[in-house]
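In: For reference, the sequence and a predicted model appear below.
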Amino acid sequence: MVKLVLVLGDQLSKGLSALAEADPTRDVVVMAEVASEAGYVPHHPKKIAFTFTAMRKFAAALQADGWRVAYTRLEDEGNAGSIPAELLRRAEEFGTDTVLATEPGEWRLIDAMLELPLKVTLLEDTRFLCSHREFEAWAEGRKALRMEYFYREMRRKTGLLMDGDKPACGKWNFDHDNRKPASGDLFRKAPPQARGDEVLDKVLDLVEARFPDNFGTLRPFHFQTDRAGALRALDHFITHALPDFGTYQDAMLQDDPYLYHAVIGLYLNAGLLTPLKVCERAAQAYADGHAPINSVEGFIRQIIGWREFIRGVYFLEGRDYPRRNALNHQRKLPALYWGADTHMNCLKHAVGQTRDLAYAHHIQRLMVTGNFALLAGINPTEVHEWYLAVYADAYEWVEAPNTVGMSQFADGGVVGSKPYVSSGAYIDRMSDYCGSCHYRVKDKTGPRACPFNLLYWHFLIRHRDRFEGNPRMGQMYRTFDRMADDKRRTVLAEADAFLDKLASGATV
Ligand code: FAD
Ligand code: DLZ
Ligand code: SF4
């Protein structure tokens, strides 16, 4: 009997397990642009345009390879509105009750698929290096899950940057050589911009008409939308940016959104690039003497370490993970995250860049928007939904552990051993935001005190019971306790006043 082979918008890989198991002479590939996927959060218009364009081009590539593809466009009459409903519709149309799919990257869809009154087989997503079973085995019996140890297993498994059973250059991790601030460089090359084409232009018009109120700028649209384009973006990164990736990984510049980052997360997550191939390219650049070990190791660690570890945590921890709130933070996400005015230059730039590009690099996400939300005690579910909506690379399996876990500590310490919080001093050291800010980063109190300075102490004191005993945080409590009584009172009172002002909706 004919089988329906589901290919989702983030499964655009010809090597997909569902395609490998199917028979192109008999089975039908089902792909659908549906309102439910485009609307479970108010996705950035660039993300929707990227997804639909990449889906349409992938469908055409499958057809060129001889597959029968039943493709539903968003505007098609009869569009059933959701993936399960589309499968039911296609099952009736093709007279079958059998569906073959690669496991979706989100519990919501996995559950919906398994509830269908059809024979659904969910296959492992073999595009990842570590299966659920392997991750569970690695996690079994450990008191804490730490990425660094997992990463070493992945290095051994892949053989990347290994000299026999030893790490290349004698160390697993070269972060010690990284984390330098950057300065403006007119010759730094931005990632290649997409050229317009008929498919993209049609999708841009559709997205403009159907999602006029979503936060984010649609045009100019710059992402690549097929595998060839994604490979060009990877080539560009390896040639121009990888050599300095490690050194400036944590740097932020207000006029340079990309610095030496790869800007390939969206291509990897949608399936246009595969992680092992990307890492092999980076390792080759090291072998050829084109890029130094600190950069190549750092880059490979992000992909075979962090990316795989984060996915392992999402599936290990289960369905309730994205809704966790270990610190019981209940404040509402401020309007400034949706572009409302703010005097905080770092946030203005990080959010403005997110609105224009559907992209911010890791340190902007972690130490600016994430840090502020955590310090201000914003409800982590609202923070999670914001990150899921605004970045072109955001899918729940990768976004939720990064946001709920790494950034908001709402999982109580599964992803990280301590919360990523900092005062303004860190942002000042790693960026050029503070120089042109309304607030003064050196002021600890007073009308122009940097809000990060005030909120940093407020956070630590709010959660003293939980964090004082943490060996990596005790020093901060001792510093606070050494402050004069009146200074401590002033800091906390000014932080409270700032939070009240934030909650009132006034511009801060
Ligand atoms: P680079 O800095 O050039 O890194 C190369 C690649 O490494 C990335 O493309 C990505 O595939 C991988 N990588 C790096 N860090 C991580 C990480 N922590 N977790 C998983 N993969 C990583 N990444 C997403 O792919 N989707 C998300 O929705 C997402 N949400 C995030 C939310 C928060 C609050 C934080 C702090 C981080 C989030 N990240 C997310 C991780 C990281 O910020 C992005 O992967 C990275 O910024 C993508 O840009 P890039 O391709 O230029 O990455
Ligand atoms: C992100 C996204 C969007 C915006 N639209 C679609 C869609 O219309 N059809 C589809 O198959 N996939 C889409 N996606 C990607 C899915 O949301 C993604 O497959 C799930 O969240 C699982 O990771
Ligand atoms: Fe951000 Fe504070 Fe620096 Fe202003 S002074 S840019 S608010 S860290």
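Out: Perfect, thanks for sending it. Everything numeric here is computed off the predicted structure, so don't read it as measured data. Ligands and ions are numbered 1, 2, ... in the order given.
In: tell me, how many neighbours does the residue in the stretch 401-508 of the chain that ligand 2 sits nearest to end up with?
Out: Of all residues in the stretch 401-508 of the chain, Pro401 sits closest to ligand 2, at 13.7 Å by C-beta to the nearest ligand atom. Any C-beta I mention is one placed from the backbone N, CA and C, and that applies to glycine too. Neighbours of Pro401 under the rule other C-beta atoms under 10 Å: 27.
In: Find me the pLDDT at it, would you?
Out: What the model reports for Pro401 is a pLDDT of 98.
In: Quick check: the gap between it and Arg73.
Out: Using C-beta to C-beta, to the nearest Å, Pro401 is found at 33 Å from Arg73.
In: now swap in Asp201 and tell me
Out: Distance from Asp201 to Arg73, by C-beta to C-beta: 14 Å.
In: Could you do Lys180 as well?
Out: Applying C-beta to C-beta to Lys180 and Arg73 gives a distance of 47 Å.
In: ok, the two, which is more surrounded?
Out: Of the pair Lys180 and Arg73, Arg73 is the one with more neighbours under other C-beta under 10 Å, namely 17 against 14.
In: List the residues that contact the more buried one.
Out: Taking C-beta atoms under 8 Å, 6 or more residues apart in numbering as the criterion, Arg73 is in contact with 33, 56, 79.
In: Residues touching stretch 40-51, excluding its own?
Out: Defining contact as C-beta under 8 Å, 6+ apart, one finds that stretch 40-51 is touched by 9-10, 38, 108, 200, 203-204, 207-208, 211, 213-218, 221, 223, 225, 266, 270, 354, 357-358, 385, 388-392, 394.
In: before we move on, what about stretch 134-154?
Out: The contact list for stretch 134-154, computed with C-beta under 8 Å, 6+ apart, reads 129-130, 160, 167, 172-173, 301, 304-306, 308-309, 311-313, 315-316, 413-415, 417.
In: Also near ligand 1: which of those residues, exactly?
Out: Restricting the contacts of stretch 134-154 to those touching ligand 1 (C-beta under 6 Å from any ligand atom) yields Trp306.
In: Can you select the buried ones among the contacts of stretch 134-154 for me in ChimeraX?
Out: Only the buried entries of those go into this ChimeraX selection, using 16 or more other C-beta atoms under 10 Å:
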select :129,130,160,167,172,173,301,304,305,306,308,309,311,312,313,315,316,414,415
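In: Can you list which of the contacts of stretch 134-154 are found in strands?
Out: Judged by DSSP state E, strands contain the following of these: Pro167.
In: Can you tell me which of the contacts of stretch 134-154 end up in helices?
Out: Using DSSP state H, the members of those that fall within helices are 308-309, 311-313, 315-316.
In: Between these, which sits nearest Lys277?
Out: Closest approach to Lys277 among these (C-beta to C-beta): Glu308, at 14.8 Å.
In: For whichever strand or helix holds Leu231, C-alpha coordinates in PDB please.
Out: Taking DSSP states H and E as the criterion, Leu231 maps to helix 227-236. Extracted C-alpha coordinates of helix 227-236, given in PDB (Å, rounded to 0.1, in the frame of the first residue of the first chain):
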ATOM      1  CA  ARG A 227      21.200  23.800   0.100                       C
ATOM      2  CA  ALA A 228      23.400  25.400  -2.500                       C
ATOM      3  CA  GLY A 229      23.000  28.800  -0.800                       C
ATOM      4  CA  ALA A 230      23.500  27.300   2.600                       C
ATOM      5  CA  LEU A 231      26.800  25.800   1.400                       C
ATOM      6  CA  ARG A 232      27.800  29.200   0.100                       C
ATOM      7  CA  ALA A 233      27.200  30.700   3.500                       C
ATOM      8  CA  LEU A 234      29.200  27.900   5.100                       C
ATOM      9  CA  ASP A 235      32.100  28.500   2.600                       C
ATOM     10  CA  HIS A 236      32.000  32.200   3.400                       C
END
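In: Output the contacting helices and strands for the helix or strand following it.
Out: Scanning forward in sequence from helix 227-236 by DSSP H and E, the next helix or strand is helix 242-245. Here helix 242-245 touches helix 275-287, helix 293-300, going by 3 or more C-beta pairs under 8 Å, 6 or more residues apart in numbering; DSSP states H and E.
In: Using a markdown table, lay out these together with distance to Leu123.
Out: Output for these, formatted as a markdown table (distance: least, C-beta to C-beta, whole Å):
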| stretch | distance to Leu123 |
| --- | --- |
| helix 275-287 | 18 |
| helix 293-300 | 27 |
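In: And those: which comes nearest ligand 1?
Out: That would be helix 293-300 among those, by C-beta to the nearest ligand atom, at 6.0 Å.
In: tell me the angle of the closest one relative to helix 275-287?
Out: With axes from the mean of the first three to the mean of the last three C-alpha atoms, to 10 degrees as the basis, helix 293-300 and helix 275-287 are set at 180 degrees to each other.
In: quick revisit: of the contacts of stretch 40-51, buried ones?
Out: Buried by 16+ other C-beta under 10 Å: 9-10, 38, 200, 203-204, 207, 211, 214-216, 218, 221, 223, 225, 266, 270, 354, 357-358, 385, 388-392, 394, out of these.
In: What about the residues you listed, which are in helices?
Out: Short answer: the buried ones among the contacts of stretch 40-51 in helices (DSSP H) are 38, 200, 203-204, 207, 266, 270, 354, 357, 385, 388-390.
In: tell me the contacts of Leu19?
Out: The neighbourhood of Leu19, defined by C-beta under 8 Å, 6+ apart, consists of 5, 7, 29, 62, 67.
In: Show me how far the strand or helix carrying it is from its chain's centre.
Out: Assigned by DSSP H and E, Leu19 belongs to helix 17-21. Helix 17-21 has its C-alpha centroid displaced from the chain centroid by 26 Å (C-alpha atoms, centre = their mean, to the nearest Å).
In: I'd say Leu4 and Leu87 touch.
Out: Yes: between Leu4 and Leu87 a contact is recorded at 6.2 Å, counting by C-beta atoms under 8 Å.
In: who's more crowded, those two?
Out: Set Leu4 next to Leu87 and count neighbours by other C-beta under 10 Å: Leu4 wins out with 25 against 22.
In: Give me the phi and psi angles of the more buried one.
Out: Torsion angles at Leu4 (phi, psi; degrees, to the nearest 10) stand at phi -90, psi 130.
In: Show me what it is bridged to.
Out: Beta-bridge pairing of Leu4 under DSSP bridges involves Val28, Val99.
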